[in-house]
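1. here is a sequence with its predicted model. Questions after.
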Amino acid sequence: MCRHATITDIFYVAHKSLKSKAETYALLRNFISNMAIAAVDSDIIISALELDWVDFEDCVQYFTGESVDADYIITRNPNDFAGGDIVAILPEELLNIIAPE
């Protein structure tokens, strides 16, 4: 399974929950040791501009995922990615995939 994420979004959500910059940084360091970071380049931005989805950021994330053959897009709004070929799932669904009970 390819594991890619938008690290700025992960930082935002984690920091909002942890309320500690040091704890959030430690979490991110642990997280990225198990994940690959995908680059956003001009080709991805141009593709996103040409597709013209309602949410530009979603479109950039989609094409970034496509560039690395991502298995999933993890989002609180899976319907935002309904037009794409990458399966969009909720964070809870990812937890069930990577750490089933």
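-> The structure has been received and is ready for your questions. Numbering: from 1, shown residues only.
2. only the C-alpha atoms, please, for whatever helix or strand Leu95 lives in, written as CSV.
-> Leu95 belongs to helix 91-98 when assigned by DSSP states H and E. Output of helix 91-98 as CSV, limited to C-alpha atoms (Å, rounded to 0.1, in the frame of the first residue of the first chain):
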residue,chain,number,x,y,z
PRO,A,91,-9.7,8.8,8.6
GLU,A,92,-11.6,6.1,10.6
GLU,A,93,-11.7,3.8,7.6
LEU,A,94,-7.9,4.2,7.3
LEU,A,95,-7.5,3.2,10.9
ASN,A,96,-9.5,0.1,10.2
ILE,A,97,-7.2,-0.8,7.3
ILE,A,98,-3.9,-0.2,9.0
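3. could you give the mean pLDDT of it?
-> Helix 91-98 carries an average pLDDT of 84.
4. next one: it to chain centre, how far?
-> Centroid displacement of helix 91-98 relative to its chain, using Cα atoms, centre = their mean, to the nearest Å, is 13 Å.
5. please apply the same query to stretch 42-57.
-> With Cα atoms, centre = their mean, you get 16 Å for stretch 42-57.
6. got it, and stretch 10-28?
-> 16 Å.
7. what about it, how long is it end to end?
-> 8 Å (Cα to Cα, to the nearest Å).
8. do stretch 72-79 as well
-> End-to-end span of stretch 72-79 (Cα to Cα): 13 Å.
9. what's in contact with that stretch?
-> 5, 58, 61-62, 65, 81, 84, 86-91, 94, 97 (Cβ atoms under 8 Å, 6 or more residues apart in numbering). (Glycine included, C-beta is placed from N, CA and C.)
10. which among the residues you listed count as buried?
-> Neighbour counting by 16 or more other Cβ atoms under 10 Å classes 5, 58, 61-62, 65, 81, 84, 86, 88-89 among those as buried.
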